[in-house]
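A.B. asks: Build the 3D model from these lines:
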Amino acid sequence: MRSTPQLVTLLTICCSSALSALVPHVTNQEENVVLEDDDSILSPLKPFHVIHECINTTSVDGVFYIKSPGREETCGLYLFSAVNTVIEIELEYVNVPCHTGGLIALVDGWEMNGQLFPGPADHPLPVRERYLEHCGTTTTLQPVRSAQNAALLQYRLPVAGSAISLRVRHLPNPAPCSQLVEGSEIFTLRSVGRRNNCTLLSLNPVEFRVLSYRVGVPPPGIMPEALTGPLLKCDQRAWQDLVEVGEAAGLDATLSLVTTRLCGRSLTPGPIQNTCSGMFVTRLISSGFFNNVVNVKARLLTTEEMITRCFSQYDIPQDLGDALEDYGW
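C.D. replies: Numbers count the residues shown, from 1 in each chain. Now for the predicted structure:
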């Protein structure tokens, strides 16, 4: 396998419209069937998730089968799993002729519109090492494993009949760092004596609240309680251990609009807030000198809540009934 991200510039998805169409539903557009047309691939026969669409998102594991009808565009299979797991991908069968321009790439994380999740500053590997590219004909390659609960298969199969079969497994991750979240629950970002950054990213509008945090201060009992409360000017301290909360227009949380910076220690839940114009981001930045932890509660907004709470940003009348009537619905 080569490790040069040639496919990054080829996967172009229209910014906000495609992003909202791609992820909010997080539905599985594949179907479970048993294929019987190629004994070399299906021996013995077993259930497959057959991928038909060019862009898919799924949270299921198992075996996926892609057979090209002969399309020139670059496609993507976006994989995600529970926040306390990582994703292992094993290519079991590849028939992608190199001389036709066919190419596949396994990506550690997600890539969209030139941005990566986790961003370059929030991942343990350099960007070039997060891509493994391959073409040709082979059966069974060494499995690759993501660093978080998100991974991506990009593929360009311009010749009809080109095919890929891959097995996806969700494996336990005892110390999750960056997390792609979907749903409503309490999420924890933790960094125990490690110099790293961890990002919590929700691709959907949410209601959120920071429940508690201990960032950039020693554990309880080492310093007087009065010195370990919430601190000010977190981004101006000698060691910049802090939590950033905000909204992002793309996958790279380092480019997000930060609305709140927190450091110190607090067990008092913060105010309830909403994200309306972008993705919800919580980013824990750690120097490695402290055991940092932050707990965040997030809940997906319903369509009605998005309109009533975010109407001023979307320029939509606050009364949903009047809005629908104006549009003739």
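A.B. asks: Where does the record place the domain boundaries for the chain?
C.D. replies: For the chain, the structural domains run 8-172, 183-304, going by automatic domain parsing.
A.B. asks: As a markdown table, those domains with distance to Cys310, mean neighbour count and mean pLDDT would be great.
C.D. replies: Where C-beta positions appear, they are placed from N, C-alpha and C, glycine not excepted. What follows is these, written out as a markdown table (distance: least, Cβ to Cβ, whole Å; neighbours: other Cβ atoms under 10 Å; pLDDT from 0 to 100):
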| stretch | distance to Cys310 | mean neighbour count | mean pLDDT |
| --- | --- | --- | --- |
| domain 8-172 | 14 | 17 | 80 |
| domain 183-304 | 3 | 18 | 87 |
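A.B. asks: Which parts of the stretch 1-150 of the chain are strands?
C.D. replies: Assigned by DSSP state E, counting those that start in this stretch, the stretch 1-150 of the chain shows strands spanning 31-33, 48-51, 55-58, 62-67, 75-80, 85-96, 103-107, 110-112, 115-117, 131-134, 136-139, 144-145, 150-156.
A.B. asks: What of the stretch 201-329 of the chain?
C.D. replies: With DSSP E, counting those that start in this stretch, the ranges of strands along the stretch 201-329 of the chain come out as 206-215, 242-248, 257-262, 264-266, 273-274, 279-285, 291-300.
A.B. asks: Parallel or antiparallel, which strands does the fifth one pair with?
C.D. replies: Think strand 273-274. strand 206-215 (antiparallel) (DSSP bridges).
A.B. asks: centre of the chain versus the strand it pairs with, how much separation?
C.D. replies: Relative to the centre of its chain, strand 206-215 is centred 19 Å away, using Cα atoms, centre = their mean, to the nearest Å.
A.B. asks: what angle sits between that strand and strand 291-300?
C.D. replies: Orientation check (axes from the mean of the first three to the mean of the last three Cα atoms, to 10 degrees): strand 206-215 against strand 291-300 gives 170 degrees.
A.B. asks: closest to Glu247 out of the strands of the stretch 1-150 of the chain?
C.D. replies: Across those, the minimum distance to Glu247, taken as Cβ to Cβ, is reached by strand 115-117, at 14.3 Å.
A.B. asks: Contacts for the closest one next, please.
C.D. replies: Outside strand 115-117, the residues within contact range by Cβ atoms under 8 Å, 6 or more residues apart in numbering are 109-111, 123, 127, 130, 150, 178, 180, 199, 201, 250-253, 255.
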